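In: Okay, structure incoming, though there's no sequence with it:
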């Protein structure tokens, strides 16, 4: 059974993102089958367009953001000692080394 927040004047459900009425013409359904406005369902962090559900929506400085962006903003940062590298840096370094090995191997064959 779905529970919708109804407006006091009728049976129009309200958008979880902005709390305003969502009329059938402007609604988009999220993965949890709740109606949203088209502009409210996507994460509003610049560069991120993840679609949200009621469960993974967070408010930050007046905009709706997804769990991933929320974690990026509020999770503690890892501080590395001098000379250490992050997992992403290590993947990039290994990929470059493999690319360099392949290039040298091809140069030796020609």
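Out: Happy to help now that I have it. The structure displayed is predicted, hence computed values, not measured ones.

In: where does this structure dip in pLDDT?
Out: Counting by pLDDT under 70, the chain contains low-confidence residues at 1-10, 76-79, 109-110.

In: Scan it for its longest helix.
Out: When the chain is parsed with DSSP state H, its longest helix is helix 87-109.

In: neighbouring contacts of it?
Out: residue 85 (CB atoms under 8 Å, 6 or more residues apart in numbering). No exception for glycine: its C-beta is placed from N, CA and C like everyone else's.

In: again, but for stretch 56-76
Out: Contacts of stretch 56-76 (CB under 8 Å, 6+ apart): 16-17, 40, 43-45, 48, 50, 52.

In: which ones are touching the spatially most central residue of the chain?
Out: Nearest to the mean C-alpha position of the chain, counting by CA atoms, centre = their mean, stands residue 50 at 4.0 Å. Going by CB under 8 Å, 6+ apart, residue 50 touches 42-43, 66, 68-69.

In: In helices, which of the residues you listed appear?
Out: 68-69.

In: And the contacts of residue 50, which of them are buried?
Out: Those of these that meet the buried threshold are 42-43, 66, 69, by 16 or more other CB atoms under 10 Å.

In: Can you tell me the closest non-neighbouring residue to residue 32?
Out: Nearest non-adjacent residue to residue 32, counting by CB to CB, 6 or more residues apart in numbering: residue 53, 4.3 Å away.

In: How many residues are close by residue 28?
Out: 16 (other CB atoms under 10 Å).

In: what about it, helix or strand, and which?
Out: In this assignment (DSSP states H and E), residue 28 forms part of strand 27-29.

In: swap in residue 36?
Out: Element membership for residue 36, per DSSP H and E: strand 35-37.

In: Show residues contacting that strand.
Out: 4, 13, 15-18, 20, 22, 26-30, 52.

In: Alright, calling it a day.
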